[in-house]
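Engineer: below: sequence and its predicted model.
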Amino acid sequence: MPLARKIILHAPISDEALLDAFVEQCLRDDVSLVAVVGPGCSRIEDVIDEIVVGDGKDPTRFLCTTSHPDQPFEDVMNMAIIWEYEQGDPVEEVRL
């Protein structure tokens, strides 16, 4: 089943090795936003960005990421709900 176009990823991640497959699925499923919340979310966002960019040779690989270390979950959910490109689309919460 494809992922929603807007994802809230909860940190910490149980196994960071799962991030590679998760990011590749996000790219295949045309996810537009991955908002990371929870402890260590800024670093997880950086790791995701590095996976997306890879060797930098494929300009079609794009995924908008955000991290929210000090924001309440409700605020992050509201931001995702009104994300400009997919207003009204569902937001999926993911825990790895």
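Structural biologist: Here it is on my side, so go on.

Engineer: which residues sit against stretch 73-88?
Structural biologist: The contact list for stretch 73-88, computed with C-beta atoms under 8 Å, 6 or more residues apart in numbering, reads 5-6, 8, 32-33, 35, 37, 66, 68, 89, 91. C-beta: built from backbone N, CA, C; applies to glycine.

Engineer: are any of those residues buried, and which?
Structural biologist: Buried subset of these (neighbour count, 16 or more other C-beta atoms under 10 Å): 5-6, 8, 32-33, 35, 37, 66, 68, 91.

Engineer: just send those back as CSV, with distance to Leu19 and pLDDT too.
Structural biologist: CSV is the format used below for those (distance: C-beta to C-beta, whole Å; pLDDT from 0 to 100):
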residue, distance to Leu19, pLDDT
Arg5, 19, 93
Lys6, 18, 95
Ile8, 15, 98
Ser32, 18, 92
Leu33, 16, 96
Ala35, 15, 98
Val37, 15, 98
Thr66, 16, 97
His68, 18, 97
Val91, 19, 94
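
Engineer: about what we covered before: just the ones in strands from the contacts of stretch 73-88, please.
Structural biologist: 6, 8, 33, 35, 37, 66, 68, 91 (DSSP state E).
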